[in-house]
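Novice: coordinates only, sequence not included:
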């Protein structure tokens, strides 16, 4: 590198403000034209906080940018480097003030919560002449190159994060709640001796979680195929899918391949568990579960398009999960796990149901005909949510009085204030997406706390006896 090269490239960077930024994950590049400011050879730009570029940088920080000097020959610079999302406001303040001073039209955007500052750190800058690199004027920044060992760990961590988010494991509380209640009921029913094979029980729990992952991936893939998630320009943390396809993080084909892989693992675990049990009832229970996973969003049935998807999810993450784990632990069939599963199934139904409120417009445009779209009036749907929220409590008190459930399971009534809060917010804000988020979160919270208190009720009865 000569001094002239250093001086010429730095001068070129300082002379211009426009560039084309390209991010890429999974061989899916995305390009956008932006303005930048520089601090030496480092470049700064603002992106929309939920743009595909920000999301791609989260999973692959390697970027390319082209600074064009303009003119017919399209001369400029090719900038290769690493992107760093600036999340510390103190680190941002100086650049932020410079941006607002130089680009006055961007002030409102920069001040909003929708903006995100990104720092681009160069590893290589080369002059472009007529869209070609000439190989003569090149700057290399070896000090900015991440080490090979660090790259391995960083890339592996990003791969894990990518599939964790794609499978939406953050919502596995639905499965964990059902498993917890099923295990608590099994202990109440069969005692400690039922838990003699902890390895088998742990494998059954793992199979249930993997089945949930497969269901989420299938749902993302078929929502992409139907165009539902593409139309949804206002996703929330509780609706709109994982957005991995929409943000060009994972290809649709890999999402489908992941769904099939997890489904095959689930089937393999189920078949192995069945060989370890005296009867073949697990084949029937697991078979119904697999059917519901596929029938929910996949053709030809597409239960979600016939107003049956919510019921299918309630059955899958209520009755099937609880009955399945109960049978693996006790090796017995009983009406008790079905009775116990109904309140959990209703709460799972309500989680999906309330999440559909924010998606209603986009789902209707895509031809997705779930229950909320079928009501055609979200006020009516909010009333359905209101009355169904109290059915689990009435169910438990009824079966406790009838002697089928321990009176200690009435501990779930401690959650009644939370349920009232969720209902009041849903009825008052059924058509306000942002305000309704409180009910989305509360419904999930009520489900997991209900599962814990329900389980404690079974354990208290067993321990006190």
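Specialist: All right, it came through fine. Just so it is clear, the model here is predicted, and its values are computed rather than measured.
Novice: What ranges does this protein have for its strands?
Specialist: Listed in chain order, the strands of the chain (DSSP state E) span 18-25, 28-35, 37-39, 42-48, 62-70, 75-85, 115-129, 132-140.
Novice: Rebuild those strands as JSON lines, extending it with distance to residue 278 and mean pLDDT.
Specialist: Glycine gets a C-beta too; all of them are placed from N, C-alpha and C. Shown next, in JSON lines, are those (distance: least, C-beta to C-beta, whole Å; pLDDT from 0 to 100):
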{"stretch": "strand 18-25", "distance to residue 278": "49", "mean pLDDT": "94"}
{"stretch": "strand 28-35", "distance to residue 278": "50", "mean pLDDT": "93"}
{"stretch": "strand 37-39", "distance to residue 278": "71", "mean pLDDT": "93"}
{"stretch": "strand 42-48", "distance to residue 278": "58", "mean pLDDT": "95"}
{"stretch": "strand 62-70", "distance to residue 278": "55", "mean pLDDT": "86"}
{"stretch": "strand 75-85", "distance to residue 278": "55", "mean pLDDT": "92"}
{"stretch": "strand 115-129", "distance to residue 278": "58", "mean pLDDT": "92"}
{"stretch": "strand 132-140", "distance to residue 278": "68", "mean pLDDT": "74"}
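Novice: Now mean neighbour count too, for these, in JSON lines please.
Specialist: Compiled in JSON lines, those are given as follows (neighbours: other C-beta atoms under 10 Å):
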{"stretch": "strand 18-25", "mean neighbour count": "20"}
{"stretch": "strand 28-35", "mean neighbour count": "14"}
{"stretch": "strand 37-39", "mean neighbour count": "15"}
{"stretch": "strand 42-48", "mean neighbour count": "21"}
{"stretch": "strand 62-70", "mean neighbour count": "18"}
{"stretch": "strand 75-85", "mean neighbour count": "19"}
{"stretch": "strand 115-129", "mean neighbour count": "19"}
{"stretch": "strand 132-140", "mean neighbour count": "13"}
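Novice: Looking at the ones you listed, spot the one closest to residue 320.
Specialist: Of all these, strand 18-25 sits nearest to residue 320, with 34.9 Å by C-beta to C-beta.
Novice: what about the stretch 251-400 of the chain, any weak spots by pLDDT?
Specialist: In the prediction, the stretch 251-400 of the chain carries no residues with pLDDT under 70.
Novice: what would the strands of the chain look like in TSV with distance to residue 189?
Specialist: Output for the strands of the chain, formatted as TSV (distance: least, C-beta to C-beta, whole Å):
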stretch	distance to residue 189
strand 18-25	48
strand 28-35	51
strand 37-39	67
strand 42-48	54
strand 62-70	55
strand 75-85	51
strand 115-129	53
strand 132-140	69
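Novice: who wins for proximity to residue 211 among those?
Specialist: Closest among the strands of the chain, using C-beta to C-beta: strand 18-25, at 27.0 Å.
Novice: In its sheet, which strands sit next to the closest one, and in what direction?
Specialist: With DSSP bridges as the test, strand 18-25 is paired with strand 28-35 (antiparallel), strand 62-70 (antiparallel).
Novice: quick one, which of those is nearest to residue 41?
Specialist: strand 62-70 (11.5 Å).
Novice: For the residue lying closest to residue 444 once chain neighbours are set aside, which residues are in contact?
Specialist: Leaving aside its sequence neighbours, residue 444 sits nearest to residue 351 (C-beta to C-beta, 6 or more residues apart in numbering; 5.8 Å). Contacts for residue 351 were tallied using C-beta atoms under 8 Å, 6 or more residues apart in numbering; they are 174, 443, 444, 447.
Novice: Return the distance of the longest helix that the chain contains from the chain's centre.
Specialist: Criterion DSSP state H: the longest helix present in the chain is helix 433-464. For helix 433-464, the separation from the chain centroid amounts to 21 Å (computed by C-alpha atoms, centre = their mean, to the nearest Å).
Novice: before we move on, what about stretch 430-445?
Specialist: The answer for stretch 430-445 is 17 Å, by C-alpha atoms, centre = their mean.
Novice: Contacts for that stretch next, please.
Specialist: By C-beta under 8 Å, 6+ apart, stretch 430-445 touches 171, 173-174, 234, 236-239, 347, 350-351, 354-355, 357-358, 378-379, 381-382, 385, 418, 421-423, 425-426, 428-429.
Novice: which of these are buried?
Specialist: When neighbours are counted using 16 or more other C-beta atoms under 10 Å, the contacts of stretch 430-445 contain these buried positions: 173-174, 236, 238-239, 347, 350-351, 354-355, 357-358, 378, 381-382, 385, 418, 422-423, 425-426, 429.
Novice: distance between the ends of stretch 316-334?
Specialist: End-to-end span of stretch 316-334 (C-alpha to C-alpha, to the nearest Å): 18 Å.
Novice: got the buried residues for that stretch?
Specialist: Buried, per 16+ other C-beta under 10 Å, within stretch 316-334: 316-330, 332.
Novice: out of the residues you listed, who's nearest residue 150?
Specialist: Using C-beta to C-beta, the buried residues of stretch 316-334 come closest to residue 150 at residue 317, 39.9 Å.
Novice: Quick check: the closest one touching residue 175?
Specialist: Yes: with contact defined as C-beta atoms under 8 Å, residue 317 and residue 175 form a contacting pair (6.4 Å).
Novice: Mind listing the shared neighbours of the two?
Specialist: Counting by C-beta under 8 Å, 6+ apart, the residues touching both residue 317 and residue 175 are residue 212.
Novice: re earlier: could you measure from the residue nearest to residue 444 over to residue 247?
Specialist: Here residue 351 is placed at a distance of 24 Å from residue 247 (C-beta to C-beta, to the nearest Å).
Novice: how close does residue 341 get to residue 401?
Specialist: Residue 341 is 19 Å from residue 401, where distance means C-beta to C-beta.
Novice: Looking only at neighbour counts, state which of these two leads.
Specialist: residue 341 (25 against 11; other C-beta atoms under 10 Å).
Novice: Check the gap between the more buried one and residue 287 for me.
Specialist: If you go by C-beta to C-beta, the gap between residue 341 and residue 287 works out to 17 Å.
Novice: Quick check: the two most widely separated of the contacts of residue 351?
Specialist: Across the contacts of residue 351, the longest distance by C-beta to C-beta is 10.7 Å; it joins 174 and 443.
Novice: which ones are touching residue 185?
Specialist: 322, 326, 336, 337, 340, 458.
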